[in-house]
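Engineer: Sequence first, then the predicted structure:
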Amino acid sequence: IGSLVAKFGSKLESPLISATLNHATKKLVSTQSELIVSSLTTITSCIQALGPKSIAFYSKILPPSLEIFETSLEEETDLREQLQLSILLLFAAMIKRIPSFLISDLLNVFKVTFLANEVDPATRLSIISLIIEHIDLREVLKVLCKIWTSSNEVREDSIAVSLFLSALESTVDSVDKKTATSQSPIFFKLLLHLFEYRSVSEFDNNALHRIEASVYQISNIYVLKLNDKVFRPLFVILVRWAFDGEGVTSNSITEIERLTSFFKFFNKLQENLKGIITSYFTYLIEPVDRLLKKFISYDIVDVNLRRLVLNSLTSSFKYDRDEYWRSTSRFELICEALVNQLSNIESVVGKYLVKAIASLASNNSRVDEHNKLMHKLLVKHMNGSCSSNEKLWTVKTFKLIYSKVGENWLVLMPQLVPNIAERL
């Protein structure tokens, strides 16, 4: 019957199709899987033919279909794949023909799509594409946020998580700037939950790295659709979450995990926006100064986080086009804590420290007082009491600085030579 309606629906009278639809909906309560699959197929064809005229049967179609899906997850049956696929094809027809009426049940539609584990992921991705194409993206973002914060089933299934991120990425790619602005509080609420995912997930590190890489990519795409006035207060929220734990929802997330997530996000943002966000360090400079001092005192020991922080500073110095870091107050604050990392820098991240210090020196090479201050701080790390590792990285730092801004530092050479000769 479904095939006949699909083939000749445009030539059939509406009352006949409605009668067929009415009959098919009654069979959804059957205990026979074969009959349910046939009924779902017929209903799908009728909806495609009737369009909005099928709305009267909405309450007789969707709730039973959701119950059938739940049963397919719990009970073993040879037709589980056909049942799940029939439900997804039904949703596809509803999305195309009566999208506005499906909004109230969009959360359930997404959950079924994410969790229909008997259906090929490519087919499920096509359903997601239909949703993005036909449903108001404001509603899609709201629903995706609600699903992630409320559905353990989705968060605990690797394929479901992958499909969720694909849905989120497609939504963010498609959303216009006006909608992105209006929905930004919702998106950033979701973003914080995604940042905290590592602390509650049981996936291995490789899987988590892939998930996080996708999250950082998606969040950067979203930020590019916001103007400075909208993004700045949201950025401050992220900073407070990372450094102060404000707004944390997972009790198990550690300070190191928060900071690592933040700097991975921020470093990606710096790659894309470069000098445009140099001034955003205004919200970071004091927290970063305190963090650098924690590395020196061993209050925090984490090589990966230290590398991320150093790379973030290097990018900020490198892309500074407005002399932001030539401000004496900013330079003095960050220079001392940065140079003093030499006291206990791990060998595996030493090159990142050298690059960061040299970038700051290059940025400030035309400011004599700043050159003198940095030179004085560096020389202290070549004293006889310093470890060989500390001296090694200090020498490498001097070498890179002189290769970058040699002429501006030549006047300081007489103070450096005696120290080098003494070490020799």
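Structural biologist: Yep, that arrived. Residues are numbered from 1 along each chain as shown.
Engineer: got a list of what residue 353 touches?
Structural biologist: Residues in contact with residue 353 (C-beta atoms under 8 Å, 6 or more residues apart in numbering) are 310, 338, 341, 342, 345, 393, 397. Heads up, the C-betas are built off the backbone N, CA and C, glycines and all.
Engineer: Is there a quick ChimeraX command that grabs whichever of those residues are buried?
Structural biologist: Burial among these is assessed by 16 or more other C-beta atoms under 10 Å; the matching ChimeraX selection reads:
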select :310,338,341,342,345,393,397
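Engineer: I'd like the contacts of residue 353 as a markdown table, with distance to residue 376 appended.
Structural biologist: Formatted as a markdown table, those follow (distance: C-beta to C-beta, whole Å):
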| residue | distance to residue 376 |
| --- | --- |
| 310 | 21 |
| 338 | 14 |
| 341 | 16 |
| 342 | 13 |
| 345 | 19 |
| 393 | 17 |
| 397 | 14 |
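Engineer: now, which of the contacts of residue 353 lie within strands?
Structural biologist: Among those, none falls in strands (DSSP state E).
Engineer: And the contacts of residue 353, which is closest to residue 203?
Structural biologist: Taking C-beta to C-beta as the measure, residue 310 is the one of the contacts of residue 353 closest to residue 203, at 28.0 Å.
Engineer: sorry, back to before: can I get the contacts of residue 353 in JSON lines with distance to residue 160 and pLDDT?
Structural biologist: Supplementary listing: the contacts of residue 353 in JSON lines, determined by distance: C-beta to C-beta, whole Å; pLDDT from 0 to 100:
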{"residue": "310", "distance to residue 160": "36", "pLDDT": "98"}
{"residue": "338", "distance to residue 160": "43", "pLDDT": "98"}
{"residue": "341", "distance to residue 160": "42", "pLDDT": "98"}
{"residue": "342", "distance to residue 160": "47", "pLDDT": "98"}
{"residue": "345", "distance to residue 160": "42", "pLDDT": "97"}
{"residue": "393", "distance to residue 160": "46", "pLDDT": "96"}
{"residue": "397", "distance to residue 160": "48", "pLDDT": "95"}
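Engineer: Apart from its chain neighbours, what residue comes closest to residue 358?
Structural biologist: residue 400 (4.1 Å; C-beta to C-beta, 6 or more residues apart in numbering).
Engineer: for the helix or strand harbouring the one you found, packing partners?
Structural biologist: Using DSSP states H and E, residue 400 falls within helix 388-409. When contacts are defined as 3 or more C-beta pairs under 8 Å, 6 or more residues apart in numbering; DSSP states H and E, helix 388-409 packs onto helix 350-363, helix 368-379, helix 413-423.
Engineer: other SSEs contacting the second one?
Structural biologist: Contacting helix 368-379 under the criterion 3+ C-beta pairs under 8 Å, 6+ apart are the following elements: helix 328-339, helix 350-363, helix 388-409, helix 413-423.
Engineer: and those, which is most packed in?
Structural biologist: helix 350-363 (a mean of 22; mean count of other C-beta atoms under 10 Å).
Engineer: angle of that one against helix 368-379?
Structural biologist: 160 degrees (axes from the mean of the first three to the mean of the last three C-alpha atoms, to 10 degrees).
Engineer: Quick one: residues in contact with stretch 274-291.
Structural biologist: So stretch 274-291 is contacted by 232, 235-236, 239, 243, 259, 269-270, 300, 309, 312-313, 315-316, 319-322, 324-325, 330, 333-334, 337 (C-beta under 8 Å, 6+ apart).
Engineer: State the mean pLDDT of it.
Structural biologist: Stretch 274-291 shows a mean pLDDT of 96.
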